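>>> model this:
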Amino acid sequence: MGKKKGGSEKKGAKVFKTKCSQCHTVEEGGAHKQGPNLYGFFGRQSGQASGYSYSSANKKSGITWGDDTLFEYLENPKKYIKVSSNDRTFEW
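I've put the predicted structure just below:
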């Protein structure tokens, strides 16, 4: 895992708005987009947001999302959750 950097709420909100919000919503009951709604994400096991179609690799990964797992995933999603060529669903 890469070196952890200190966070800034303001910078994080800007990054989310410019890089993540095209695919994700964060409001309770928010719609899924290309990626799942992220409300209640921390502490939840991967592949478990109701109503979203995850890859089988994501559902079977057993990852519980928290600071360490999220940052490692964001550094290299395809390495963190390996998706087979037979699993053509978006890797989230």
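>>> For the rest of this, base every contact and every neighbour count on C-alpha atoms.
OK.
>>> residue ranges with poor pLDDT in this structure?
1-6, 84-92 (pLDDT under 70).
>>> Could you pull out the helices in it for me?
Ranges of helices in the chain, per DSSP state H, are 9-15, 56-60, 67-75, 77-80.
>>> Can you name every helix or strand that the shortest one contacts?
To tie it back to what came earlier, the one meant is helix 77-80. Applying 3 or more C-alpha pairs under 8 Å, 6 or more residues apart in numbering; DSSP states H and E, one finds that helix 77-80 contacts helix 67-75.
>>> same thing with the third one?
Other elements packing on helix 67-75 under the criterion 3+ C-alpha pairs under 8 Å, 6+ apart are helix 77-80.
>>> Of the helices of the chain, which stretch is the most buried?
Burial of these is given as mean neighbour count (mean count of other C-alpha atoms under 10 Å); helix 56-60 ranks first at a mean of 17.
>>> out of the helices of the chain, nearest to Phe42?
For the helices of the chain, proximity to Phe42 was assessed by C-alpha to C-alpha; helix 67-75 is nearest, at 8.0 Å.
>>> Quick check: Thr64 touching Ser46?
Yes: counting by C-alpha atoms under 8 Å, Ser46 is a contact partner of Thr64 at 6.0 Å.
>>> Thr64: neighbouring residues, count only.
16 (other C-alpha atoms under 10 Å).
>>> Once you drop chain neighbours, what's closest to it?
Gln45 (4.2 Å; C-alpha to C-alpha, 6 or more residues apart in numbering).
>>> ok, now which ones touch the one you found?
Gly62, Ile63, Thr64, Trp65 (C-alpha atoms under 8 Å, 6 or more residues apart in numbering).
>>> again, but for Tyr80
Applying C-alpha under 8 Å, 6+ apart, we find Tyr80 in contact with Glu72, Tyr73.
>>> what about it, distance to Val26?
22 Å (C-alpha to C-alpha, to the nearest Å).
>>> same question, Lys82
In terms of C-alpha to C-alpha, Lys82 sits 25 Å off from Val26.
>>> sorry, back to before: can I get the helices of the chain in JSON lines including distance to Gly40?
Below are the helices of the chain laid out as JSON lines (distance: least, C-alpha to C-alpha, whole Å):
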{"stretch": "helix 9-15", "distance to Gly40": "17"}
{"stretch": "helix 56-60", "distance to Gly40": "17"}
{"stretch": "helix 67-75", "distance to Gly40": "13"}
{"stretch": "helix 77-80", "distance to Gly40": "20"}
